[in-house]
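S.K.: here is the input, now give the coordinates:
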Amino acid sequence: MPSSPPLNKKGNYLWVDVPLCIGCLACEVSCKMEHSLPAGPRPIRVIQIGPLERDGELTMTFQPTVCLHCLQPACVEACPTGAMQKRGNGLVIPDPEICIGCQTCAVACPFGIPQLNPGTGKIFKCDGCRDRTEQGLYPACVLVCPTGALSYQPPARKTEKARERFAEGLRRAGLRK
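M.R.: Coordinates of the predicted model:
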């Protein structure tokens, strides 16, 4: 992947292509390094699924999990101080100046995304690497993903890739030329 081509600051999203994830955890490490996080909080988490037996074979998959920056975020509604905020660009980000570290947002989030940073006593979660993306750079996790399981692109490009993958599957199955 190229180092950091210019990107449209608005309209790009972090996408996860689960079948491509090999569970290397490079995304977790780069995120912690980018944000100078201590042991503990993991804004992106790779969950191992398996090994499971399917058709007599053992299989294992990995699911990178990151904040979805929900349209109606429960964490924002639950925050008693207003520290957890939904920004105009769609990102849901805690304001460390007003966060009291009560973790109400973490309890409210159905995905368990907000986490307490033991170094600061404040909540931390994926902020979309906003400092990087505002400069036209890729998020740290995308830069280090060796398989391209993580990407940062507009929805139209992701839809195009999904159609290409679907068509390739049809060709392999002999259902399309």
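S.K.: where do the domain boundaries of the chain fall?
M.R.: Here the domain parsing of the chain from automatic domain parsing is 7-66+134-177, 68-125.
S.K.: neighbours of residue 43, how many?
M.R.: Residues near residue 43, counting by other CB atoms under 10 Å, number 25. All C-beta atoms are positioned from the backbone trio N, CA, C, and that covers glycine.
S.K.: check which helix or strand it maps to.
M.R.: Residue 43 belongs to no helix or strand when assigned by DSSP states H and E.
S.K.: winner for burial among the domains of the chain?
M.R.: A comparison of the domains of the chain by mean neighbour count, using mean count of other CB atoms under 10 Å, puts domain 68-125 on top with a mean of 17.
S.K.: can you give me how far it is from the chain middle?
M.R.: From the chain centre to the centre of domain 68-125 is a distance of 15 Å (CA atoms, centre = their mean, to the nearest Å).
S.K.: what about it, start to end distance?
M.R.: 11 Å (CA to CA, to the nearest Å).
S.K.: can you check stretch 124-134 too?
M.R.: Stretch 124-134 has its terminal residues 19 Å apart, counting by CA to CA.
S.K.: average pLDDT for that stretch?
M.R.: Over the span of stretch 124-134, the pLDDT mean works out to 90.
S.K.: need the contact partners of it.
M.R.: Applying CB atoms under 8 Å, 6 or more residues apart in numbering, the contact partners of stretch 124-134 are 7, 9, 12, 14, 31, 34-35, 37, 41, 43-44, 66-67, 69, 89, 91-94, 113-117, 137-141, 152.
S.K.: picking that back up, ranking the domains of the chain by mean pLDDT, which is last?
M.R.: Lowest mean pLDDT within the domains of the chain: domain 7-66+134-177, a mean of 85.
S.K.: now that one, how far from the chain's geometric center?
M.R.: In terms of CA atoms, centre = their mean, the centre of domain 7-66+134-177 is found 8 Å from the chain centre.
S.K.: for the protein, which segments are assigned as strands?
M.R.: All strands of the chain, identified by DSSP state E, fall at 13-16, 45-54, 57-65, 84-86, 92-94, 115-117, 122-124, 150-153.
S.K.: dump those strands into a markdown table; add distance to residue 168 as well.
M.R.: Listed next are those as a markdown table, based on distance: least, CB to CB, whole Å:
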| stretch | distance to residue 168 |
| --- | --- |
| strand 13-16 | 18 |
| strand 45-54 | 21 |
| strand 57-65 | 20 |
| strand 84-86 | 37 |
| strand 92-94 | 35 |
| strand 115-117 | 38 |
| strand 122-124 | 39 |
| strand 150-153 | 17 |
